[in-house]
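Visitor: have a look at this prediction, sequence included:
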Amino acid sequence: MLLSAIADGAKDAAPVVWSMRQIALRNRAEPEKHGTRSERPRGQTTGWAGLGSPAVEQWRVLDNVERWALADENIRLVVLTGSAARGWDAVNELSDLDIELYARDTSPLLGRRDWYQQFGHVLVVEELEDPEWHPTRLIYYVDGKIDFMIADVEATREGIAYERPFRALVDKDGLGARLRRAISPDAQPPTPAEFETCINWFYAAALMCAKCLVRDEPWMAKYRDWDLKEQLLQMIVWDHRSRYGWNYDTWHRGVHMRQWMDRDIVTSIGECWADFSVRTTAAALSASVALFDAISRRTAIALGMDPFPSEDVRQEVDRLLHLVDS
């Protein structure tokens, strides 16, 4: 079932790759002028495929954020990322708004809460310092969520590269010229070392997951299962890009998987998840190993690499899983 579908290699629909020009057309807005904001259609629901009133509400929220940012001299640049930056037909009623705020002084934004409370009824907040990037405030509102990243304007001095679409909503000082698209790491083939690391990490996690199941430690088994699922997803991404082009859009973290993954793989993935019982988790682990082995072999061949000799490690996983039933 797994190998036959993979060997066939048929794609149900041609891949959709959006150029920046297409994104701009979908946004249907004039380029931003410094210190101004683009006009949006108030209450307009026609012309935006698949979107109804939720899109209108998100328009209004963005309008409110822009008006606030324009009125606050501390805020110098506002950048929209995430799904909405692709175009509003990529947004649904459950989509987050991802907004980056660049300010002269970040302390009022990080130290106070009243500024984001004006955009809706706040339920809960995640305050993340994120030392490897910039502090973020994830605001969960009734019927919506906004992820605010907060940074000093000095962070733009050397330029900022985005792996995914972005759009400057408010730009008071021409800082938008420092923003650019970057090449995603997945937009180029993995090195042999990266490919080997993915395989080794997958099978290491699979072995540990199997041992946890034998010990009747389902919580830890789920923990290690997620480790191997991360490597499985990475291999699925490489597999699709190796066959459909390295610019093929695989989104991130499995988002919109039913749109970009082959149907046979989506079907196979369904067998790779389980409830909390040891027996069903063991079956899901076996399915994950079989799927990873098939995809990694196909991808290795596409990349001109030798497939990983997985027979011994797969036999060891099987031996451990047989102990679950004993």
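Guide: Structure received.
Visitor: any idea how far Trp246 is from Gln188?
Guide: Distance of Gln188 to Trp246, computed by Cβ to Cβ, to the nearest Å: 6 Å. Where you see a C-beta, it was placed from the backbone N, CA and C, and this is true even at glycine.
Visitor: neighbour count winner among those two?
Guide: Neighbours were counted for Gln188 and for Trp246 using other Cβ atoms under 10 Å; Trp246 has more, 14 against 11.
Visitor: thought the more buried one was touching Ala187?
Guide: Yes. Counting by Cβ atoms under 8 Å, Ala187 is a contact partner of Trp246 at 5.2 Å.
Visitor: for the stretch 201-326 of the chain, which segments count as strands?
Guide: Read by DSSP state E, counting those that start in this stretch, the stretch 201-326 of the chain holds no strands at all.
Visitor: what sits up against whichever strand in the chain runs longest?
Guide: If you go by DSSP state E, the chain has its longest strand at strand 144-152. With contact meaning Cβ atoms under 8 Å, 6 or more residues apart in numbering, strand 144-152 is reached by 57-58, 61, 65, 82, 96-106, 109-110, 116, 119-120, 133-139.
Visitor: state the next helix or strand along the chain beyond that strand.
Guide: Once the chain leaves strand 144-152, the next helix or strand it forms, by DSSP states H and E, is strand 160-162.
Visitor: which SSE is immediately downstream of that next one?
Guide: Per DSSP H and E, the first helix or strand lying C-terminal to strand 160-162 is strand 167-171.
Visitor: quick one: strands adjacent to that next one?
Guide: strand 75-81 (antiparallel) (DSSP bridges).
Visitor: list the buried residues in the strand it pairs with.
Guide: 75-81 (16 or more other Cβ atoms under 10 Å).
Visitor: center of the chain - which residue?
Guide: Residue closest to the mean C-alpha point of the chain, counted by Cα atoms, centre = their mean, is His252 at 2.9 Å.
Visitor: dump the residue contacts of that one.
Guide: Shown in contact with His252 (Cβ under 8 Å, 6+ apart): Arg164.
Visitor: and it, what's its pLDDT?
Guide: Among the per-residue scores, His252 holds a pLDDT of 84.
Visitor: ok, Pro165 next?
Guide: According to the prediction, Pro165 has pLDDT 88.
Visitor: chain neighbours aside, what residue packs nearest to it?
Guide: Excluding its sequence neighbours, the residue lying closest to Pro165 (Cβ to Cβ, 6 or more residues apart in numbering) is Ala85, at 4.3 Å.
Visitor: surely that neighbour is in contact with Glu163?
Guide: No. Contact criterion Cβ under 8 Å: Ala85 and Glu163 do not qualify, at 11.9 Å.
Visitor: those two: which is more packed in?
Guide: Ala85 (21 against 14).
Visitor: would you map out the domains in the protein?
Guide: The chain breaks down into these domains under automatic domain parsing: 2-9+186-324, 31-181.
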